[in-house]
Structure formats: structure tokens, C-alpha cells
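Student: predicted model follows, preceded by the sequence.
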Amino acid sequence: MSSETTSPSYYMYVYEEPCQKLDVKLAASQLLPPLYSLVFIFGFVGNALVFLVLIRCKRLKSMTDIYLLNLAISDLLFIITLPFWAHYAADQWVFGNGLCKALTGLYHLGFFGGVFFIILLTIDRYLAIVHAVFSLKARTVTSGILTSVTTWGVAGFASLPAIIFTKSQKEGNQHTCSPHYPLHQFSLWKNFQALEMLLLGLVLPLIAMIFCYSGIIKTLLKCRNEKKKHKAVRLIFVIMIIYFLFWTPYNIVLLLNTFQPSFGLNNCESSKTLDRAMQITETLAMTHCCINPVIYAFVGEKFRRYLSAFFRKNIIPHLCKQCSIFYGETLDRMNSTYTRSTGEQDISTGL
């Protein structure tokens, strides 16, 4: 979690005079909690549905299912930290140093995991369409599990700097949860983390998507079924455009914020503007985890059928059972107003 978003420093001594940021903190306390709450609600519901459908209906029968499941888990790890950051933005950090490190770790693990599994889904789609024969041997459940375990290891390794350097401590009258780098290596680690987010969160998926989707489009253009071809190509562009619309602004602002002196922005007003921009762009980037279930799961016709079957088997019967109980109580109170002899429907049985 970027410290600029949740706890802008009250005083920053990189300028000629101390730069007070109380107005930035106030804006964050009003703007971020409701936005984080909305992202949490929609993101949790969407990804939880993907998780349940994959486990209960699809039974993880393919590499694609494995990757979709792990993408949903990544997003859920990311999302479950948001209520804590919402409280932090509204007030101060009250959850202690242990949760500060743990939630920072989950946030970054979910972020990097989400990026990596989107890349793996892109490669999976590339193999299935461009190298269909080879993919029959390569795209197995075992391969999906092995690559997923490796991916989580890489995501965990990428999250280590944030976990190590983030801690909770009292600064002035407030408790914070933010990165604290060694003084003699402050610039090195701050720059490293910003570049890590930029390279792994934007540049790497950009390269993967351009390479894979260009190959997919070339193959699809040879397809004789015009309707399916145009639908598939359109979906590819939607996936790419949505990803970069959501994540590019945040990465640009993060880069500007990290290297302020290089861009001539190391003055108080510019720093405040960048902090506000971080609040907006990071929240926008977070909402991508709400979009993932839609573009990677619900958009597919087969997955929609599984989702429909899941509701029919698990949700609707439960609701009907509750309805039948309610109507049964109503019938008892109304005595014989509705009976079989009147020719009305027997509502108490849900028929």
C-alpha cells in the first residue's frame, strides 16, 4: 500500500521549508474510505463467485481453470486488506505492527499474483489458439498446478521488500503503517520499489499481451467464421485496453512521485498535487480487481452456464426454502384462505 495514499507525511523535509500536508490527509480521510468500501464489496462478491463456481461446478479440469482460480484468490487477498486501509485513511493505524506487515504482504502478494496470473492466462490463450497441437500436451492440470506454485513463489519474493521495510510506529500524534528504509539506502530502496511496481505491474504484462495477442489476432484472422473471429478479436482489445486504462495512470504518477527532483517537482505544491493524484489513480487501479471476474470469467458463454447452474443448485433452492417457510407461517395465520380445495397453487411447497 503506498504511504502517499493512506498516510501522507505531515512534514516532508526534502524542500527548503517544511511542507505541511494536513489538507491532503483530510482529503484522503473523506475520499478513500467510501471508495475502498465499494471496491471491497463488488470485488469480493465477483471474485468469490468465480472461486465458488470453479470449485463447485467446473472442478478445475483444465489449466485455464487453475489460472482463473488463482487469479480470483490473488484478487481476494488484495481485496481483504481494503477495509483496514479504509480505516487507516479515515483515522490512523490502530492494528499494530504485526498486522501492518501482514496486510502489506497480502496487498503486494495479491497485486503481483494478479498481474502474473493475468500474464499466464494470456500465454494460456496464446498456446490454445496459435499452437493448438502443442498445447494438448502442454496445457495440462499438472502443468497448471506447477506453474501456479512457482508463480506464487515469485510473487512472494517480489513482495519481500515491502514486508521487510513496512512497519507501524508513532509519528507525532499519529500511528502510521508505512515504509521505513535505512537512511543510508533510502533512495535506493524507494526507487527500487517504484521501478519494481512499474516493470512487473505494467511493462511485463504489456510485453506479454502485445506478443501473445498479436499472434492470436493473426491466427484468428485466418478463421472462416467471421462472427466468432470478430467477437474474439474485440474481446482481446477490451482486455488490453481495460488493463492499461486502469493501471497506467497509477504507474505514471508513482514514477513522477518517486523521482520528483528529476522532473522538477520537488516543491511543496507539486508534492501535494502528486499525493492527490496517487489517491485517485491507486483507487482506480484497485477497481481492476472488480473487472477481472467479468472479463476473464463471466464474459465466456460456458462460464455463464456454470454460473447459472451454480445459482440453480445452491442459491435458488435455499431462497425458495426460506420463501416456503415464510409462506407456511403466513398460511397458518390465515387459516384456510388458501387451500387445495380452492384450486390455488400450494405455495408452502414452493411449487
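Tutor: Nice, thanks for sending it over. Numbering: from 1, shown residues only.
Student: quick one: contacts of the particular helix or strand that has residue 219 in it?
Tutor: Secondary structure assigned from DSSP states H and E places residue 219 in helix 204-221. With Cβ atoms under 8 Å, 6 or more residues apart in numbering as the test, helix 204-221 has contacts from 115, 118-119, 122-123, 125-126, 129-130, 229, 232-233, 236, 239-240, 243-244. No exception for glycine: its C-beta is placed from N, CA and C like everyone else's.
Student: in helices, which of the residues you listed fall?
Tutor: Among the contacts of helix 204-221, the ones falling in helices (DSSP state H) are 115, 118-119, 122-123, 125-126, 129-130, 229, 232-233, 236, 239-240, 243-244.
Student: buried only: go through those for me.
Tutor: Neighbour-count burial (16 or more other Cβ atoms under 10 Å) is assigned, among the ones in helices among the contacts of helix 204-221, to 115, 118-119, 122-123, 125-126, 129-130, 229, 232-233, 236, 239-240, 243.
Student: so where is the stretch 251-351 of the chain shaky, pLDDT-wise?
Tutor: Scanning the stretch 251-351 of the chain for pLDDT under 70 picks out 300-302, 314-351.
Student: so where do the helices sit in it?
Tutor: 268-286, 288-293, 301-310, 316-333 (DSSP state H, counting those that start in this stretch).
Student: and the next element down the chain from the lowest-mean-pLDDT helix or strand in the chain?
Tutor: Counting by mean pLDDT, DSSP states H and E, the weakest-scoring helix or strand in the chain turns out to be strand 11-12, with a mean of 36. Later in the chain than strand 11-12, the nearest helix or strand by DSSP H and E is strand 19-20.
Student: and after that following strand, which helix or strand comes next?
Tutor: Scanning onward from strand 19-20 (DSSP H and E), the first element met is helix 22-53.
Student: against which helices or strands is that next one packed?
Tutor: Using 3 or more Cβ pairs under 8 Å, 6 or more residues apart in numbering; DSSP states H and E, the elements in contact with helix 22-53 are helix 3-6, helix 63-79, helix 82-90, helix 268-286, helix 288-293, helix 301-310.
Student: centre of the chain to it, how far?
Tutor: 10 Å (Cα atoms, centre = their mean, to the nearest Å).
Student: list the buried residues of that helix.
Tutor: Using 16+ other Cβ under 10 Å as the test for burial, helix 22-53 gives 24-25, 27-28, 32-33, 35-36, 39-40, 42-44, 46-47, 49-51, 53.
Student: thinking again about what came up before, using CSV, write out every CA atom in the helix holding residue 219.
Tutor: Backbone C-alpha positions of helix 204-221 (Å, rounded to 0.1, in the frame of the first residue of the first chain) are rendered in CSV as follows:
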residue,chain,number,x,y,z
LEU,A,204,5.9,-7.0,-18.3
PRO,A,205,2.2,-7.5,-18.9
LEU,A,206,2.4,-5.0,-21.8
ILE,A,207,5.1,-7.1,-23.5
ALA,A,208,3.3,-10.4,-22.8
MET,A,209,0.0,-9.0,-24.1
ILE,A,210,1.5,-7.4,-27.3
PHE,A,211,3.4,-10.6,-28.2
CYS,A,212,0.6,-13.1,-27.4
TYR,A,213,-2.3,-11.1,-28.7
SER,A,214,-0.6,-10.1,-31.9
GLY,A,215,-0.1,-13.8,-32.6
ILE,A,216,-3.7,-14.7,-31.6
ILE,A,217,-5.1,-12.0,-33.9
LYS,A,218,-3.0,-13.2,-36.8
THR,A,219,-4.4,-16.7,-36.3
LEU,A,220,-8.0,-15.6,-35.8
LEU,A,221,-7.9,-13.5,-39.0
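Student: could you check how far the residue nearest to the spatial centre of the chain is from residue 267?
Tutor: Central residue of the chain (Cα atoms, centre = their mean): residue 289, 2.7 Å from the mean position. Going from residue 289 to residue 267 by Cβ to Cβ, to the nearest Å gives 34 Å.
Student: ditto for residue 216
Tutor: Distance from residue 216 to residue 267, by Cβ to Cβ: 47 Å.
Student: of the two, which one has the most company?
Tutor: Shown here are residue 216 and residue 267; by other Cβ atoms under 10 Å, residue 216 has more neighbours (20 against 15).
Student: show me the two of the buried ones among the ones in helices among the contacts of helix 204-221 that sit farthest apart.
Tutor: 115 and 229 (28.6 Å; Cβ to Cβ).
Student: which SS state does residue 223 fall under?
Tutor: For residue 223, the assignment made with DSSP: H, G, I helix; E, B strand; the rest coil gives coil.
Student: report pLDDT for it.
Tutor: Listed pLDDT for residue 223 reads 76.
Student: go on, residue 64?
Tutor: For residue 64, pLDDT reads 87.
Student: burial measure for the closest residue to residue 51 other than its chain neighbours, as a count.
Tutor: In this structure, residue 51 finds its nearest non-sequential neighbour in residue 72, 4.6 Å apart by Cβ to Cβ, 6 or more residues apart in numbering. Number of residues near residue 72 (other Cβ under 10 Å) recorded here: 27.
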